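1. build me a model:
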Amino acid sequence: MDPYADLDAFTTHLTTERGASPHTVEAYNRDIIDFITFMEGRSDASPEPRDFEEYVGFLRRQGKKTRSIVRALSALRSFYKFLLLDGKIAVNPVAEVEMPKFKAPIPSVLSQDEMAALLTPDAAQHMTLRDRTILELLYATGLRVSELIGLKKRDINLEAGFVVASGKRSKERMVPLGTYARDIVKLYLQEAKRGGIYFFSNRNGSPLSRQAIWKIVRKYGLRLEHGTHISPHTLRHTFATHLLEGGADLRSVQILLGHEDISTTQIYTHVDRKRLKEIHKKYHPRG
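-> Here you go, the predicted structure:
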């Protein structure tokens, strides 16, 4: 069995059949190649569960964090599941390997006052129209960076007030645009006369890079009162948090974020404790 040939086949499967993003494919490839390298010289036989357990120990000695180890095992589990379904192996050797316990970190969010300060008219005076539109859209829609940079002009319907986001596995969803976002998007479309199909593009019509969006968001976050270090994902977290604080149900937030599994959305429930306490106090007989 040639592991690199199998990896090429798996990469094709990820791209063509599962619609994985280039970022996901790159991460899977990196994790699987690291394991193949680890196995070289150890044995000519197919990997067994103990090999993966020893690999986990090796990664820990390398200083890898639990989150990185879980991601690597997930990539390997998917890879060997593909080989099993393809008839290349008889048993998935990773299936019974225990995943390290990993507690997802609590997402950092901006308060409503901080968000207002970021988007206040006074602050907007020091921004380009493009940067204002990027910040407003990220907060108003909760789009991922990949969804924002992939946004095309045809994906925006100002009359109906929504954008069509192309999420993971090329799944599309409609996300409403609020009044503020609709106004700034309309202004941007009128004044930004860039060619090409992308909503945010550079001079040659190509979409802005992920790094460019990160730099823009970070730049204005540092201008807040306490010089807050924020990222585009911070605004996505803030979008979800403020919806929950305003009374939205978890299922609706899941749909708006484009999460396939509601357990992914449940990371935000911690931010809603204050509102839950208020509801309990108001409605419970002994609140």
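2. so residue 244 belongs to a helix, correct?
-> Yes. Counting by DSSP: H, G, I helix; E, B strand; the rest coil, one finds residue 244 located in a helix.
3. now it: how far from residue 111?
-> Going from residue 244 to residue 111 by Cβ to Cβ, to the nearest Å gives 14 Å. C-betas here are computed from N, CA, C, even on glycine.
4. can you map out the strands along the stretch 101-250 of the chain?
-> Using DSSP state E, counting those that start in this stretch, the strands assigned to the stretch 101-250 of the chain run over residues 156-157, 162-166, 172-176.
5. residue 158 and residue 152: what is the separation?
-> Using Cβ to Cβ, one gets 14 Å for the distance from residue 158 to residue 152.
6. now residue 143
-> As judged by Cβ to Cβ, residue 143 and residue 152 stand 13 Å apart.
7. the two - which one has more neighbours?
-> Counted by other Cβ atoms under 10 Å, residue 143 and residue 152 do not tie: residue 143 has more neighbours, with 26 against 15.
8. what's the local residue count around the residue nearest to the more buried one when sequence neighbours are not counted?
-> With sequence-adjacent residues excluded and distances taken as Cβ to Cβ, 6 or more residues apart in numbering, residue 143 is closest to residue 165, at 5.5 Å. Summarising burial for residue 165: neighbours were counted as other Cβ under 10 Å, giving 23.
9. please begin residue numbering at 31 from this point
-> Fine by me, first position is 31 from now on; the one you just mentioned is residue 195.
10. can you give me the pLDDT of residue 195?
-> Model confidence at residue 195, given as pLDDT, is 90.
11. go ahead and confirm it touches residue 177.
-> Yes. Taking Cβ atoms under 8 Å as the definition, residue 195 is a contact partner of residue 177 at 4.5 Å.
12. what touches both of these two?
-> Residues touching both residue 195 and residue 177 (Cβ atoms under 8 Å, 6 or more residues apart in numbering) are residue 288.
13. what about residue 273, how many residues nearby?
-> Applying other Cβ under 10 Å, I find that residue 273 has 19 neighbouring residues.
14. that one - nearest residue in space that isn't next to it in sequence?
-> For residue 273, ignoring the flanking residues on the chain, the nearest one in space by Cβ to Cβ, 6+ apart is residue 283 at 5.3 Å.
15. dump the residue contacts of the one you found.
-> 270, 273, 274, 295, 298.
16. make it 6 Å
-> Residue 283 makes contacts with 270, 273, 295, as judged by Cβ atoms under 6 Å, 6 or more residues apart in numbering.
17. just give me the longest helix of the chain.
-> helix 96-115 (DSSP state H).
18. which one of the contacts of residue 283 is nearest residue 316?
-> Proximity of the contacts of residue 283 to residue 316 was ranked by Cβ to Cβ; the top entry is residue 273 with 29.6 Å.
19. distance of the closest one relative to residue 113?
-> Between residue 273 and residue 113 the computed distance is 41 Å (Cβ to Cβ).
20. check residue 266 too.
-> From residue 266 across to residue 113, the span is 34 Å (Cβ to Cβ).
21. before we move on, what about residue 253?
-> In this view, residue 253 and residue 113 are 51 Å apart by Cβ to Cβ.
22. these two - which one has more neighbours?
-> Shown here are residue 253 and residue 113; by other Cβ under 10 Å, residue 113 has more neighbours (21 against 13).
23. ok, that one to residue 150 distance?
-> If you measure residue 113 against residue 150 using Cβ to Cβ, the figure is 55 Å.
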